[in-house]
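> Sequence first, predicted model second:
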Amino acid sequence: MSKYVGAIDQGTTSTRFMVFDHSGLEVAKHQLEHEQIYPQAGWVEHDPLEIWARTQDVIKGAMQKAGLDALQLVAIGVTNQRETTVVWNKQTGKPYYNAIVWQDTRTDRICNQLERDGLADLFRRKTGLPIATYFSGPKIKWILDNVEGVREAAERGDALFGNIDTWIIWNLTGGPNGGKHITDVTNASRTMLMNLETLDWDDELLRILGIPRQMLPEIRPSSDPSIYGMTAANGPFGAEIPVCGDLGDQQAATVGQTCFDVGEAKNTYGTGCFMLLNTGTEIVPSKSGLLTTVCYKFGDEPAVYALEGSIAITGALVQWLRDNLDFFDFSHHIEDYARTVEDNGGVYFVPAFSGLFAPYWRSDARGVIVGLTRYANKGHICRAALEATAYQTREVLDAMKADSGVDLAALKVDGGMVYNELLMQFQADILNVPVVRPQVAETTSLGAAYAAGLAVGFWSNLDDLRQNWQVDKTWTPAMDAEKREKLYRDWKRAVERTFGWVEQD
């Protein structure tokens, strides 16, 4: 009987379950979307119970479609949308409130107060992160301060916090009946609560934010031979399988792209865009607006760190044009419209819907379309929307060069947008480096599978994983330098127009 590794990939807009063989090739996949909840401007929520229901459905769907038996799975890995915050009752398994999504900006007053209190340098030094609405810590504080009874429940030990990985693993391993309350170092590093050096929750930061330590999960390695726990026999697998891999989605993609050497980088094109540069076991502070984060930790080996550039809105802009403006019926049609014009017609679209993330960290920014004339049409706006992803990636790459001193030789890419040929060619042109897509572009799921498989010896070492990585397509730069710099200069002018739109209290 063939053996495989399974990976739960819980993303911002959908959940998928994938099964991989020893060569890192897909054996089975099932995927379902979940509802995006917008209670008011700037607020974004998910229903944690719906996410858990979708997780169970995609597991059963993938196993049934491929005709697999649960006993063929040697291990389960989990990867997840990071920073999205759930607080639930450990006795009942019921959330006290909807999950507050990473894009949500309701904690801006909390973050502004921390800034006014002069705490920015403290948080940056300890966690590698700026004070921003993006991260989990302020979201936990908001729930404790605004949802009746939660603070009291947390103080008596009944309320549990987790990012989505913790919520999924707790439910997978039994929920109210002995579920394991854990997270890994990569997810913990996105909370504004974990000390990068100790890899543990920081008591001083917990005190500042008023978060009881007992509501936080235990921090474990990303690949853990000691096993987080076993799937419940009465759960979606119907059998006990080791759960032993856990990575935030962007770190999982970095592992899936086998960026194990210092200086290797990948960019994932999803709801947002996230570029990670492996800096090895060295913690590299950013002076250019990037995040210092944990890349992965395998077993007892030292943690590996990364510089990350996080962009809030990329693929989500395509969804916005589809759903809010009815520009097209299916997301992939944006390329067809963008190809009806030769260039952007002078139109630039800066999608600062949730403020600007790296390298600006401006919560007061909001989206703009600039350069409109009577000449502009639907094709120009579609093209400008795609180009926005490439320009934002260039800004992050420039910041990485400034912080690390490393000139990138090529950029490994993955995620849903890498099948957009127009975007990938423009990305190579505006970066002036080759852009490389691997044969398995679902590297987020693959990275979670690798972490779990390494823990149980399904793969022996990192060289096993490197041998699985194969090139599917490479785009090489074809734009002259003068045009490249003129386009980028105008983009930077457009970004400046987004600043200061939201008036601070």
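Structure received.
> got the phi/psi numbers for Pro359?
The phi and psi values for Pro359, taken as degrees, to the nearest 10, are phi -90, psi 20.
> low-confidence ranges in the stretch 101-250 of the chain?
Applying pLDDT under 70 to the stretch 101-250 of the chain flags no residue at all.
> pull the CA atoms of stretch 93-101 into CSV?
This file holds the C-alpha atoms of stretch 93-101, laid out as CSV (Å, rounded to 0.1, in the frame of the first residue of the first chain):
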residue,chain,number,x,y,z
GLY,A,93,-15.4,24.7,21.4
LYS,A,94,-17.6,27.7,20.5
PRO,A,95,-15.9,30.9,19.5
TYR,A,96,-16.7,34.0,21.6
TYR,A,97,-16.6,36.1,18.4
ASN,A,98,-15.9,35.7,14.7
ALA,A,99,-12.3,35.3,13.7
ILE,A,100,-10.7,38.8,13.1
VAL,A,101,-8.8,38.5,9.8
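> Give me the residues contacting that stretch.
12, 37, 44-49, 51, 81, 84-89, 106, 139, 142-143, 147, 149-150, 153, 159, 164, 167, 171, 175-176, 179 (C-beta atoms under 8 Å, 6 or more residues apart in numbering). Every residue, glycine included, has its C-beta placed from N, CA and C.
> What about those, which are in strands?
45-46, 85-89, 159 (DSSP state E).
> can you pull out the helices in the stretch 1-150 of the chain?
48-66, 108-116, 120-127, 136-146, 150-155 (DSSP state H, counting those that start in this stretch).
> helices and strands around the last one, which ones?
Of the remaining helices and strands, those touching helix 150-155 by 3 or more C-beta pairs under 8 Å, 6 or more residues apart in numbering; DSSP states H and E are strand 85-89, helix 136-146, strand 159-163.
> Give me the buried positions along the first one.
Meaning strand 85-89. Residues 85-89 are the ones in strand 85-89 that count as buried (16 or more other C-beta atoms under 10 Å).
> Repeat that for the longest one.
For helix 136-146, burial by neighbour count (16+ other C-beta under 10 Å) applies to 136-144.
> Repeat that for stretch 154-164.
Buried-residue list, stretch 154-164, by 16+ other C-beta under 10 Å: 154, 158-164.
> neighbours of Asp200, just the number please.
Residues lying near Asp200 (other C-beta atoms under 10 Å) number 13.
> ok, now Glu45?
Counted with other C-beta under 10 Å, Glu45 comes out at 18.
> so it bridges to which residues?
Ile37, Ile100 (DSSP bridges).
> Quick check: it vs Thr79, distance?
21 Å (C-beta to C-beta, to the nearest Å).
> Out of the ones in strands among the contacts of stretch 93-101, flag the one nearest to Gly272.
His46 (15.3 Å; C-beta to C-beta).
> Which residue comes closest to that closest one once chain neighbours are left out?
Once flanking residues are discounted, His46 sits nearest to Ala99: 4.3 Å by C-beta to C-beta, 6 or more residues apart in numbering.
> What number of residues are in the vicinity of that neighbour?
27.
> same thing with the one 4 residues further on?
Other residues within reach of Gln103 by the criterion other C-beta under 10 Å amount to 24.
> Ok, Asp343 next?
Using other C-beta under 10 Å as the criterion, Asp343 is surrounded by 12 other residues.
> Which strand or helix spans Ala253?
helix 249-256 (DSSP states H and E).
> Stretch 305-312: which residues count as buried?
305-312.
> I should have written stretch 399-419 there, sorry.
399-400, 403-404, 406, 408, 410-418.
> Ok, stretch 56-63 next?
Within stretch 56-63, the residues that count as buried by 16+ other C-beta under 10 Å are 56-59, 61-63.
> now the farthest one out in the chain, which residue is it?
Arg374 (38.2 Å; C-alpha atoms, centre = their mean).
> From Lys483, how far out is Phe260?
36 Å.
> between these two, who's got more neighbours?
Higher neighbour count among Phe260 and Lys483: Phe260, with 18 against 12, using other C-beta under 10 Å.
> Against Lys3, how distant is the residue nearest to that one when sequence neighbours are not counted?
The shortest distance from Phe260 to any non-neighbouring residue, by C-beta to C-beta, 6+ apart, is to Leu462 (5.1 Å). Going from Leu462 to Lys3 by C-beta to C-beta gives 20 Å.
> cool, Gly416 as well?
29 Å.
> low-confidence ranges in the stretch 401-505 of the chain?
For the stretch 401-505 of the chain, the ranges with pLDDT under 70 are 504-505.
> can you map out the helices along it?
For the stretch 401-505 of the chain, applying DSSP H, counting those that start in this stretch gives helices covering 421-431, 443-455, 462-468, 481-496.
> Kindly reformat those as a markdown table containing distance to Ile208.
Conversion of those to a markdown table gives the following (distance: least, C-beta to C-beta, whole Å):
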| stretch | distance to Ile208 |
| --- | --- |
| helix 421-431 | 39 |
| helix 443-455 | 32 |
| helix 462-468 | 38 |
| helix 481-496 | 32 |
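> tell me the most buried of those?
Comparing the helices of the stretch 401-505 of the chain by mean neighbour count (mean count of other C-beta atoms under 10 Å), helix 443-455 comes out on top with a mean of 31.
> If you count contacts, what does it end up packed against?
strand 4-10, strand 14-20, strand 73-80, strand 242-248, helix 249-256, strand 265-269.
> got the angle between the third one and strand 4-10?
What it means is strand 73-80. Relative orientation of strand 73-80 versus strand 4-10 (axes from the mean of the first three to the mean of the last three C-alpha atoms, to 10 degrees): 20 degrees.
> avg pLDDT for strand 73-80?
When pLDDT is averaged over strand 73-80, the result is 97.
> What of the last one?
Mean pLDDT, strand 265-269: 90.
> Tell me the helix or strand right after that strand.
Downstream of strand 265-269, the next assigned helix or strand under DSSP H and E is strand 273-280.
> what residues does that following strand touch?
So strand 273-280 is contacted by 249-251, 253-254, 259-268, 293, 295, 304-311, 314-315, 389, 392-393, 396-397, 400, 404, 406, 411 (C-beta under 8 Å, 6+ apart).
> Dump it to PDB, keeping only the CA atoms.
What follows is strand 273-280, C-alpha atoms only, in PDB (Å, rounded to 0.1, in the frame of the first residue of the first chain):
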ATOM      1  CA  CYS A 273       1.800  39.100  -1.800                       C
ATOM      2  CA  PHE A 274       4.500  37.900   0.500                       C
ATOM      3  CA  MET A 275       8.300  37.800  -0.200                       C
ATOM      4  CA  LEU A 276      10.600  35.900   2.200                       C
ATOM      5  CA  LEU A 277      14.400  36.000   2.100                       C
ATOM      6  CA  ASN A 278      16.200  33.300   4.100                       C
ATOM      7  CA  THR A 279      18.700  35.000   6.500                       C
ATOM      8  CA  GLY A 280      19.800  31.700   8.200                       C
END
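> And that strand, what's buried?
So for strand 273-280, counting by 16+ other C-beta under 10 Å, buried means 273-279.
> and of these, the nearest to Ala232?
Of all those, Ala232 sits closest to Phe274, with 32.0 Å by C-beta to C-beta.
> so what's the closest one closest to, chain neighbours aside?
Gln250 (4.1 Å).
> Could you do Gly174 as well?
Nearest to Gly174 is Ala232, by C-beta to C-beta, 6+ apart, at 4.7 Å.
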